[in-house]
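Trainee: Here is my input, please return the structure:
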Amino acid sequence: MTIIKTFFILLNLQILLFSQSNIPPSIEESLAEPVKYIGNADTDKHYYDGRLRHVVGVHSRQVFRANRSIPAEGGLIGWTYNHAPMLCYWNDQFYLQYISNLKEEHGAPGRTLLMSSKNGVEWSNPKALFPIYPLPEIDNEYGKIPEGTPAIAHQRMGFYVAPNGRLLTVSFISYSETPRHSPNLGQGLGRLVREIYKDSSFGPIYFIRYNEPAGWNESNTLHYSFYKKSNDAGFIEACNSLLADKLMTLQWWEMDRTKDGFYNIDPGEYSLKALCFYHRPDNVVVALWKYNLSALSDDEGQNWTEIAEYKSLKTCAAKVWGQRMEDGKYSLVYNHSASLRNRFPLVIITGDDGHEFNNMLCLNSEVPTLRYQGIHKSVGLQYIRGVAEGNGNPPGDEEWITYSMNKEDIWISKIETPVRGTVSENVDQDFDRIKSIDELTNWNLYIPKWASVNIAADPVKPDNNCLLLNDEEPYDHAKAVRIFPVADKVTVEFDLYAEKVGVAALEIEVLDSSGNRPMRLRIDEEWLMLDRGPLEITPVKFNVAKWYHIKMDLNCNSQNYDLYVDGSLKKEDVEFASEVESLERIEFRTGPWRGDVRPFIVDGVPGNPGLYVEDLPGADYKVAESRYLIDNLITN
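Mentor: The predicted structure follows:
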């Protein structure tokens with residue numbers, strides 16, 4: 001046998017083995033548990049990141065910050081309950097829809113808002129997509145509601161790109177007698193629809209489906225007509241396509257819960273909330289709902305297997321997002337929590353076949369303080385949604401997801417693919433040729449609206465670019481993290497310039513895979529301080545508006561480090577604050593570490609965090625600005 005023949009036989013064998021690894025089990029074989037987590041990693045409920053290793057290269061950005069006094073969307077009163085964001089990509093643009101109530105979940109008035117972005121970075125201010133809807137008089141088993149009471153918006157689906165190219169957006173109009181009652185038990189009036197045009201303006205609002213079993217129809221609903229009354233044939237065609245799409249419309253079941261044959265599924269004893277679906281390599285559709293529920297379909301949702309539970313995912317009663325990524329692998333993003341109430345950590349698990357998943361990693365470890373009081377405001381990063389199948393494909397190889405933070409603010413994360421938790425090359429990072437933070441694909445960035453991470457000119461040498469952390473946020477901070485190869489001995493060095501020190505000091509830490517922080521530096525306008533847990537070592541003099549070169553030799557074998565400033569040894573054999581076997585990332589942060597949740601939430605209490613707090617003072621206004629520049633980061 002020739003060498004060439006041998007090569008091609010081995011190559012074909014590799015291709016065969018790879019293709020077989022992507023083949024999921026048959027429907028019959030996966031009925032009992034349609035998706036499975038087969039990894040060994042688990043989460044610690046006492047930490048916001050679950051003490052998991054972090055995904056490399058996630059950029060997380062706050063696109064909407066709630067503000068009661070000075071709302072970004074205008075008006076006299078800010079709406080501080082913002083939740084359930086949905087995402088699509090159409091006409092070379094991102095669209096993000098979310099529901100907003102004045103103060104709390106299920107509390108009227110409610111409405112739906114829309115934001116847009118060309119690049120996922122700069123976002124428009126929100127506009128009222130479905131404004132406040134005044135209800136007719138209601139007197140039934142769900143409560144007595146006076147005429148003119150504002151409705152509550154509740155939806156699990158946001159967008160639909162029709163086969164004719166039209167973009168539709170929908171909302172469900174419902175009501176609750178009190179905020180303690182749910183609007184999604186079958187009592188709502190019906191589903192609204194309107195078109196988003198290519199110039200981002202909106203078409204008229206119509207009803208696309210009435211909740212007729214609850215007594216609502218064209219004769220007793222106000223303000224909007226049935227969609228077939230439109231004189232736009234293309235719009236009617238798009239609506240008809242949506243109504244015929246059994247996968248898309250199955251997302252509606254939870255709100256009206258009708259048994260009129262519209263939904264091709266028998267939920268039995270289950271309540272099917274917040275459907276997400278994707279196609280496996282064998283074209284079988286996987287449906288995922290809240291409360292660990294799942295089903296399979298091999299005919300595009302016309303028929304379904306019996307509903308089963310995916311027992312290996314601890315989803316804490318929140319949404320799960322699943323999709324096929326650009327690299328062909330599958331991902332599930334959700335809150336893998338050991339506590340029913342904890343909407344953290346935000347994790348991603350990945351797999352080849354859409355059935356089995358492994359490699360659990362943390363996507364975003366930050367959970368800021370709840371700023372505004374309100375019932376049913378769970379703490380954490382929650383109700384995750386990406387771009388649903390058929391609703392566009394953003395350019396590039398990244399995965400985009402959106403979620404709410406504490407049911408107050410709306411965030412978006414861009415995830416590099418392939419998804420990984422480690423790197424093999426040491427860091428040698430200057431920013432001279434970097435024009436945008438989008439190019440920092442190995443950095444993890446956390447960027448609130450009032451605490452940014454950017455590329456900026458050196459104040460001393462304007463032709464030199466640096467990484468800038470800017471902070472004017474009273475209750476959050478900016479963060480930039482760089483993962484480096486796992487090592488028991490590592491030298492980390494970088495240049496540091498404090499341009500302005502306002503309220504926020506700069507904290508610098510080197511961590512291990514579980515988030516242990518053996519060394520901690522803190523920079524303010526006078527001192528570089530070293531903290532090792534409960535003990536603070538004599539600080540080093542530090543001046544604003546001056547470049548410093550910082551170097552640390554860290555040794556896990558001796559459990560200590562040496563600190564050099566501008567080439568001079570300032571502190572020797574500083575004992576680690578916690579014992580670690582290895583190190584793998586450096587973190588720059590404009591605020592104190594807050595990863596341990598135990599000081600704020602005791603196990604099981606409170607079950608309703610937003611009920612037991614008051615609005616935080618000064619949450620609506622910026623604080624004195626801090627600006628820190630970092631350059632020439634090197635690890636060995």
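
Trainee: Please report the distance of Ser424 from Val492.
Mentor: Applying Cβ to Cβ, to the nearest Å, the value for Ser424 to Val492 is 17 Å. Where C-beta positions appear, they are placed from N, C-alpha and C, glycine not excepted.

Trainee: Quick check: buried residues in the lengthiest strand in the chain?
Mentor: Assignment by DSSP state E gives strand 489-500 as the longest strand of the chain. Residues Val490, Thr491, Val492, Glu493, Phe494, Asp495, Leu496, Tyr497, Ala498, Glu499 are the ones in strand 489-500 that count as buried (16 or more other Cβ atoms under 10 Å).

Trainee: Which residue, other than its chain neighbours, is closest to the last one?
Mentor: For Glu499, the nearest residue in space outside its immediate sequence neighbours is Arg627; the separation is 4.1 Å by Cβ to Cβ, 6 or more residues apart in numbering.

Trainee: so which of the buried residues of strand 489-500 comes closest to Leu583?
Mentor: Leu583 has its nearest neighbour among these in Val490, at 5.4 Å by Cβ to Cβ.

Trainee: where do the helices sit along the chain?
Mentor: Applying DSSP state H to the chain gives helices spanning 3-21, 27-30, 233-244, 246-249, 253-256.

Trainee: quick one: the second one to chain centroid distance?
Mentor: Put plainly, it is helix 27-30. The chain centre lies 31 Å from the centre of helix 27-30; the measure is Cα atoms, centre = their mean, to the nearest Å.

Trainee: Tell me the buried residues in that helix?
Mentor: Within helix 27-30, judged by 16+ other Cβ under 10 Å, the buried ones are Ser30.

Trainee: List the contacts of it.
Mentor: Pro24, Val284, Leu296, Asp298, Thr305, His355 (Cβ atoms under 8 Å, 6 or more residues apart in numbering).

Trainee: I'd say Asp256 and Pro213 touch.
Mentor: Yes - the criterion here is Cβ atoms under 8 Å, and Asp256 meets it with Pro213 at 7.2 Å.

Trainee: between these two, who's got more neighbours?
Mentor: Asp256 (26 against 12; other Cβ atoms under 10 Å).

Trainee: From Phe262, how far out is that one?
Mentor: 9 Å.

Trainee: quick one: common contacting residues for those two?
Mentor: Arg209.

Trainee: Endpoints of stretch 32-48, how far apart?
Mentor: Start to finish, the residues bounding stretch 32-48 are 31 Å apart (Cα to Cα, to the nearest Å).

Trainee: Show me how far that stretch is from its chain's centre.
Mentor: Put simply, stretch 32-48 sits 18 Å off its chain's centre (Cα atoms, centre = their mean).

Trainee: domain assignment for the chain?
Mentor: Listed domain ranges for the chain are 27-415, 428-635 (source: automatic domain parsing).

Trainee: highest average neighbour count across these?
Mentor: Highest mean neighbour count of those: domain 27-415, a mean of 20 (counted as mean count of other Cβ atoms under 10 Å).

Trainee: Average pLDDT for it, rounded please.
Mentor: For domain 27-415, mean pLDDT is 95.

Trainee: That one: how far from the chain's middle?
Mentor: Counting by Cα atoms, centre = their mean, domain 27-415 comes out at 12 Å from the chain centroid.

Trainee: picking that back up, which residues do Asp256 and Pro213 both contact?
Mentor: Residues touching both Asp256 and Pro213 (Cβ under 8 Å, 6+ apart) are Gly186.

Trainee: any chance of the buried residues of strand 489-500 in a markdown table, with pLDDT and distance to Ile550 too?
Mentor: Formatted as a markdown table, those follow (pLDDT from 0 to 100; distance: Cβ to Cβ, whole Å):
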| residue | pLDDT | distance to Ile550 |
| --- | --- | --- |
| Val490 | 98 | 14 |
| Thr491 | 98 | 11 |
| Val492 | 98 | 8 |
| Glu493 | 98 | 6 |
| Phe494 | 98 | 6 |
| Asp495 | 98 | 8 |
| Leu496 | 98 | 6 |
| Tyr497 | 98 | 11 |
| Ala498 | 97 | 12 |
| Glu499 | 97 | 16 |
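
Trainee: tell me which of those is nearest to Ile634?
Mentor: Nearest to Ile634 among the buried residues of strand 489-500: Glu493, at 5.1 Å, using Cβ to Cβ.

Trainee: give me every residue that touches that closest one.
Mentor: Glu493 sits next to His549, Ile550, Lys551, Met552, Tyr564, Asn632, Leu633, Ile634 when contact means Cβ under 8 Å, 6+ apart.

Trainee: wait, isn't the second one in contact with Leu496?
Mentor: What it means is Ile550. Yes - Ile550 lies in contact with Leu496 (Cβ under 8 Å); the separation is 5.5 Å.

Trainee: So the closest residue to Pro146 other than its chain neighbours versus Ile173, what's the distance?
Mentor: Leaving aside its sequence neighbours, Pro146 sits nearest to Glu137 (Cβ to Cβ, 6+ apart; 6.4 Å). Applying Cβ to Cβ, the value for Glu137 to Ile173 is 15 Å.

Trainee: now do Leu52
Mentor: Per Cβ to Cβ, Leu52 is found 40 Å from Ile173.

Trainee: quick one on the thing from earlier: please produce CSV containing the contacts of helix 27-30, extended by distance to Gly396.
Mentor: Formatted as CSV, these follow (distance: Cβ to Cβ, whole Å):
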residue, distance to Gly396
Pro24, 27
Val284, 28
Leu296, 31
Asp298, 32
Thr305, 35
His355, 27
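
Trainee: Check those against Ala41 and report the nearest one.
Mentor: Nearest member of those to Ala41, counting by Cβ to Cβ, is His355, at 18.6 Å.

Trainee: which residues touch the nearest residue to the closest one once chain neighbours are set aside?
Mentor: Leaving aside its sequence neighbours, His355 sits nearest to Pro24 (Cβ to Cβ, 6+ apart; 4.0 Å). Neighbouring residues of Pro24 by Cβ under 8 Å, 6+ apart: Ser30, Arg280, Pro281, Asp282, Val284, Asp353, Gly354, His355, Glu356.

Trainee: Is the third one in contact with Gly351, as I believe?
Mentor: To tie it back to what came earlier, the one meant is Pro281. No - between Pro281 and Gly351 there is no contact under Cβ under 8 Å: 10.9 Å.
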